[in-house]
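# Turn this into a model:
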Amino acid sequence: MMLPRRVAMRFKLTVGIAALVIAAPAFTGLDRLGDGEAKRKTASRWTPSIPFSLGAWRSRVGTLQETVHEFVDRKRGDDEAAHPLENSLFAADESALPPVVAYAPAQNRLIGDAIAHPAAALLGDEDAEVFTQAVAAYRSGDFAQGDDAASRLHAPLAEAAARWTGLRLHAHEAGFRRIAEFLATHPDWPAGDWLRRRGEQALVAERHADKTVLAWFAENKPLTGFGKYALARAIAREGDFESAAALARDAWRNEDIGQGFDTIFNKELGEFLTPADHKFRADRLLYAGKNTLALRSAE
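Presented below is the predicted three-dimensional model:
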């Protein structure tokens, strides 16, 4: 433990004085010399002598040590008394500290209960158990069991949180229907754009009908290459070739259409693409370091 600056200075001063008190009697060789030349000649070769026994020396040192320790301990005690909070922080044994719940105000023990059992405090015992079951099922990817448990929750926010767990952890397995229903129920969900992107992928992967695609994009513009591809194909079948061509060219130039899907894209919408579109895409991919995709686009 570091001593305060003033205490350290006093301690050094005390030790220095004590050292002089101990050492002074040992150097008595000069006292037996007379004045004059003899004293000056002998001063350069004098040797110390011990004027008392070893027991007396130990007794003196022991007394000094006790004096110094008493001084330091007294100052430490004074400092600790002046700063009780600081002393308690350094002296506390963390392993013996009470749990966080113990710090909850006595007049509002609900806070402590919420810390110890957050689900039970926020949802109630019945919903807390069902919520735990739903989250566990969603974490394991069991959407059937998770949906069943979530439907039995009374608190709307608890149900949303449980269903969001499944969507966030297993978006591909969740499927388009679950994503669409969640967004319809919670249109202002903070991760709405992320969910819409996953939904657009599911639209293509699950090969949904054109009417489903058109209904999905009736209020939301496509955010990904998958979405633009699905919408372009749907409106082309409706006869709007100009809008379909614009969507196809925009997706091919600017979106990350990966290997495999680029073949499908070209097969379905390649007639809407021009050599300039392929060059633009190849240049962009080369600049991004995606050489394989760039070469495929340049072929």
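# contacts and neighbour counts: CA atoms only from here.
OK.
# Residue 234 and residue 215 touch, don't they?
No. Using Cα atoms under 8 Å, residue 234 is not in contact with residue 215; the gap is 10.7 Å.
# Could you give the number of residues near residue 192?
By the measure other Cα atoms under 10 Å, the count of residues near residue 192 is 15.
# Can you tell me, leaving aside adjacent residues, what's nearest to it?
residue 183 (7.0 Å; Cα to Cα, 6 or more residues apart in numbering).
# now residue 269
Per Cα to Cα, 6+ apart, closest to residue 269 is residue 248, 6.6 Å.
# show me the contacts for that neighbour.
Under the criterion of Cα atoms under 8 Å, 6 or more residues apart in numbering, the neighbours of residue 248 are 228, 229, 232, 269, 272, 273.
# CA-only coordinates of the helix or strand containing it, as CSV, when you get a sec.
Using DSSP states H and E, residue 248 sits within helix 241-254. C-alpha atoms of helix 241-254 as CSV (Å, rounded to 0.1, in the frame of the first residue of the first chain):
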residue,chain,number,x,y,z
PHE,A,241,-41.0,-5.0,-69.9
GLU,A,242,-39.6,-1.5,-69.5
SER,A,243,-39.8,-1.6,-65.7
ALA,A,244,-38.5,-5.2,-65.7
ALA,A,245,-35.5,-4.2,-67.8
ALA,A,246,-34.7,-1.2,-65.5
LEU,A,247,-34.8,-3.5,-62.4
ALA,A,248,-32.7,-6.2,-64.1
ARG,A,249,-30.0,-3.8,-65.2
ASP,A,250,-29.9,-2.1,-61.8
ALA,A,251,-29.5,-5.4,-60.0
TRP,A,252,-26.9,-6.8,-62.4
ARG,A,253,-24.8,-3.6,-62.2
ASN,A,254,-25.0,-2.8,-58.5
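# could you point out which element follows that helix?
helix 261-269.
# Can you point out the buried residues in that next one?
262, 265, 269 (16 or more other Cα atoms under 10 Å).
# Stretch 272-283 now?
Buried, per 16+ other Cα under 10 Å, within stretch 272-283: 272, 273, 277, 278, 279, 280, 281, 282, 283.
# Any stretches of the chain with poor pLDDT?
1-125, 298-299 (pLDDT under 70).
# Walk me through the domains of it.
Per automatic domain parsing, the structural domains of the chain span 131-192, 209-299.
# With distance to residue 203 as extra columns, can I get those domains in JSON lines?
Converted to JSON lines, those look like this (distance: least, Cα to Cα, whole Å):
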{"stretch": "domain 131-192", "distance to residue 203": "6"}
{"stretch": "domain 209-299", "distance to residue 203": "7"}
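# quick one: residue 271 and residue 209, what's the gap?
Distance, residue 271 to residue 209, using Cα to Cα, to the nearest Å: 22 Å.
# Same question for residue 172.
19 Å.
# which one of those two has more residues nearby?
More crowded of residue 172 and residue 209, by other Cα under 10 Å: residue 172, with 15 against 12.
# which phi and psi does the more buried one have?
With angles defined as degrees, to the nearest 10, residue 172 sits at phi -70, psi -40.
# Next up, the contacts around it.
Contacts of residue 172 (Cα under 8 Å, 6+ apart): 198, 202.
# Burial check on residue 247, number of neighbours?
Residue 247 has 23 nearby residues by other Cα under 10 Å.
# which residues sit in contact with it?
228, 229, 231, 232.
# From residue 287, how far out is the nearest residue to the second one once chain neighbours are set aside?
Leaving out its chain neighbours, the residue that sits closest to residue 229 by Cα to Cα, 6+ apart is residue 248, at 6.3 Å. Computed as Cα to Cα, the residue 248 to residue 287 distance reads 22 Å.
# One more: residue 235?
For residue 235 relative to residue 287 (Cα to Cα), the value is 32 Å.
# how about the contacts of residue 247 in a markdown table, adding secondary structure, distance to residue 154 and neighbour count?
Converted to a markdown table, the contacts of residue 247 look like this (DSSP: H, G, I helix; E, B strand; the rest coil; distance: Cα to Cα, whole Å; neighbours: other Cα atoms under 10 Å):
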| residue | secondary structure | distance to residue 154 | neighbour count |
| --- | --- | --- | --- |
| 228 | helix | 38 | 24 |
| 229 | helix | 40 | 25 |
| 231 | helix | 38 | 26 |
| 232 | helix | 42 | 27 |
